[in-house]
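Q: Next input, structure requested:
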Amino acid sequence: MNRLGMLTGVAGVSALLCGCGSADKPKFDSGSAEYQYYANLEYNVLSDVVIDNFYRQLTQLSQAVAEQNAEQEQSLRAQLRQEALQYRGAVENGLTDGGSARRRSIASAMAGFTGDAKYAVQLAQIATDPSENESVSTFASLGLAALGDRINESAERDQVMAYVARLMLPSAATWPMRVNAVMAFGKAYSVTRGDVLTPLTDVIVNDPHATVRRQALAVARDIGDSAVLPEVTRIALKDPDASIRSAAAVTLGGITDPRALEALKEAQLDASPMVRAQAVYSLTAQRTIEPDLVNDLIIDGLADFDEKVRENAAKAAGMVGDQKFTRSLLQSLSDASDGVRVAVINALAVVIPYEARKDGFPIVAMLDEGEPLIVTAAHRALKKITNVQLERDAEVWRKWYYENFQELDPEWIYRDQPRPRYAPSGIRTTNRPRSTPRTSTPRSTPRTSSPSGR
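A: Numbers count the residues shown, from 1 in each chain. Model (predicted):
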């Protein structure tokens, strides 16, 4: 899921939580009565030291989410949950600390990380209380987002969801709170419990803040209900903000539906490379609807003017895994972008089966490249395609191919006739510039039918 709420919820109140200093803890022998007293006190009171520690971890989690570092995000969430449970007494006391908005704020966030549904109503009431400090309400909405689908375990679940829906309204909450509310709604949404998507589609269409709309589109993708398609295709794909159109293309990739395929086909003609890149990558989810059209659209993406579109098209080809992509991918081995060529090589490793291992011969030339990422990808691809473990040396691989497929060996091809004379073109020298344009003319419109021989 594309989660923005954690980031905005923490960043929006950083000045409040970072403003106070912290005193060092008294030091006593571990067996003394004084040590036990302060140990018990620590777990029942959110001291400045503990607040600073929680805030630091929340900030690190925000960064991990922003950087899409799934491993670090998972580790930090587990750590926050463990410490939230450890300091449960301090969190509960902090929720009702009328003398410190700073303490109530961090307690509201950490209550969500306990995973205990009993806090759901309390957090929802804090978040929607118009008399509450704004930072406290923001962190309470963050706590609801952290609580997620545990909201469904609350005895007052329907009441909580009504509060969440209210928080999604521009008239009721700030935009960071609305982002967190959208996250909470998406995690707790349940068709079997009678939930409807109207609050979410209203955000997609009407919210004045682009970040909130992008979060709503990401949640719509995770839910995967085709009921959102009219809003996504009619409004989001035609939005003047390219980031909204791009997010809409991502959403369409999570909903397998003929209408989604038609919208993605339209998105491949978008003026923004960002939108086209997302659209071609999202096509993979629609292949069961019309395989030939999807294949053609992906191949069109390999010839786009923008290198990120071409790179995503190569990745999409690898995800689909159809052998029919082989010819187009081999042609893209000469792409000017190293990123595209790495993606192409990785895709070829998937689409070329062992029975067609001869088709992988052009990858051998990539071992002569100076770029380590290309060489590594080529070596890995060749080993996978051929099921042979040879060293990372182009001549060794050429010899293997010549021995197993003599029709590839120039010595065999010209055994009874003179070789043609030619001047070296220099196209494949390792020091050629990567910024030079492609020599072929990219297509700007999708094909309408599959060409023969593909």
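Q: And the contacts of the helix or strand hosting residue 340?
A: Using DSSP states H and E, residue 340 sits within helix 338-351. If you take C-beta atoms under 8 Å, 6 or more residues apart in numbering as the criterion, helix 338-351 is touched by 307-308, 310-312, 314-315, 317-318, 321-326, 329-330, 332-333, 335, 360, 363, 366, 371, 373-374, 377-378, 380-381, 384-385, 434. Heads up, the C-betas are built off the backbone N, CA and C, glycines and all.
Q: if you set the cut-off to 6 Å instead, what comes out?
A: For helix 338-351, the external contacting residues (C-beta atoms under 6 Å, 6 or more residues apart in numbering) are 307, 310-311, 314-315, 317-318, 321, 323, 325-326, 329, 332-333, 335, 371, 373-374, 377-378, 381, 384, 434.
Q: Now go through those residues and say which are in helices.
A: For those, the ones inside helices are 307, 310-311, 314-315, 317-318, 326, 329, 373-374, 377-378, 381, 384, with DSSP state H as the criterion.
Q: Give me the buried entries from these.
A: Neighbour counting by 16 or more other C-beta atoms under 10 Å classes 307, 310-311, 314-315, 317-318, 326, 329, 374, 377-378, 381, 384 among the ones in helices among the contacts of helix 338-351 as buried.
Q: Run a quick neighbour tally on the nearest residue to residue 143 once chain neighbours are set aside.
A: Residue nearest to residue 143 in three dimensions, not counting chain neighbours: residue 112, with 3.1 Å by C-beta to C-beta, 6 or more residues apart in numbering. Residue 112 sits with 29 neighbouring residues when counted by other C-beta atoms under 10 Å.
Q: So residue 112 is in contact with residue 147, correct?
A: Yes: counting by C-beta atoms under 6 Å, residue 112 touches residue 147, with 4.3 Å between them.
Q: What strand or helix carries the residue nearest to residue 143?
A: Using DSSP H and E, residue 112 sits within helix 101-113.
Q: What of residue 232?
A: According to DSSP H and E, residue 232 maps onto helix 229-234.
Q: where does the stretch 201-350 of the chain dip in pLDDT?
A: Along the stretch 201-350 of the chain, the model assigns pLDDT under 70 to no residue.
Q: quick one: secondary structure of residue 99?
A: Here residue 99 is recorded as coil under DSSP: H, G, I helix; E, B strand; the rest coil.
Q: That one: neighbouring residues, count only.
A: 7.
Q: Same check on residue 288?
A: 9.
Q: Pop out the phi and psi values for it.
A: phi -70, psi -20 (degrees, to the nearest 10).
Q: Provide the secondary structure category for the nearest residue to it once chain neighbours are set aside.
A: Leaving aside its chain neighbours, residue 288 sits nearest to residue 256 (6.5 Å; criterion: C-beta to C-beta, 6+ apart). Recorded secondary structure, residue 256: coil (three-state DSSP).
Q: Hmm, residue 256 is touching residue 285, no?
A: Yes: in this structure, residue 256 is within contact of residue 285 by C-beta under 6 Å, at 5.4 Å.
Q: The two - which one has more neighbours?
A: Taking neighbours as other C-beta under 10 Å, residue 256 and residue 285 compare with residue 285 leading, 21 against 15.
Q: for the more buried one, what are its contacts?
A: 253, 256.
Q: try 10 Å this time
A: 221, 224, 252-257, 260-261, 264, 294, 319 (C-beta atoms under 10 Å, 6 or more residues apart in numbering).
Q: same thing with residue 74?
A: residue 64.
Q: Helix or strand: which one has it?
A: Per DSSP H and E: helix 70-86 holds residue 74.
Q: Just the buried residues of that helix, please?
A: 73, 76, 77, 80, 81, 83, 84.
Q: And stretch 52-71, by the same measure?
A: 52, 54, 55, 57, 58, 59, 60, 61, 62, 63, 64, 65.
Q: Do you know the pLDDT at the first one?
A: Reported pLDDT at residue 52 in the predicted model: 93.
Q: pretty sure it contacts residue 103?
A: No: with contacts counted by C-beta atoms under 10 Å, residue 52 stays clear of residue 103, the gap being 11.8 Å.
Q: Quickly list what's touching both of residue 256 and residue 285.
A: Overlap of the contact sets of residue 256 and residue 285 (by C-beta under 10 Å, 6+ apart) consists of residue 224.
Q: Which helix runs longest in this protein?
A: The residue-count maximum for a helix in the chain (DSSP H) belongs to helix 48-66.
Q: Give me the packing partners of it, helices and strands only.
A: Packing partners of helix 48-66 (3 or more C-beta pairs under 10 Å, 6 or more residues apart in numbering; DSSP states H and E): helix 5-11, helix 14-17, helix 70-86, helix 88-95, helix 101-113, helix 134-147.
Q: Need the winner for burial among those helices.
A: Ranked by mean neighbour count, these are led by helix 134-147 with a mean of 29 (mean count of other C-beta atoms under 10 Å).
Q: packing partners for the helix or strand following that helix?
A: On the C-terminal side of helix 134-147, the closest following helix or strand by DSSP H and E is helix 157-167. With contacts taken as 3+ C-beta pairs under 10 Å, 6+ apart, helix 157-167 sits against helix 120-128, helix 134-147, helix 175-188, helix 198-206.
Q: which of the residues in helix 157-167 are buried?
A: Applying 16+ other C-beta under 10 Å to helix 157-167 flags 157, 160, 161, 163, 164, 165, 166, 167 as buried.
Q: and what of stretch 297-312?
A: Applying 16+ other C-beta under 10 Å to stretch 297-312 flags 297-304, 306-312 as buried.
Q: Strands of the stretch 351-454 of the chain, start to end?
A: Counting by DSSP state E, counting those that start in this stretch, the stretch 351-454 of the chain has no strands at all.
Q: Could you list the low-confidence segments of it?
A: Counting by pLDDT under 70, the stretch 351-454 of the chain has low-confidence residues at 414, 419-454.
Q: if we can go back for a sec, residues in contact with the helix holding residue 232?
A: 197, 200-206, 216-217, 220-221, 226, 247-249, 251-252, 255, 257-260, 262-264, 266-267.
Q: Quick check: the residue nearest to residue 262 when sequence neighbours are not counted vs residue 116, distance?
A: Leaving aside its chain neighbours, residue 262 sits nearest to residue 233 (7.9 Å; criterion: C-beta to C-beta, 6+ apart). Look at residue 233 and residue 116: by C-beta to C-beta, to the nearest Å, they are 40 Å apart.
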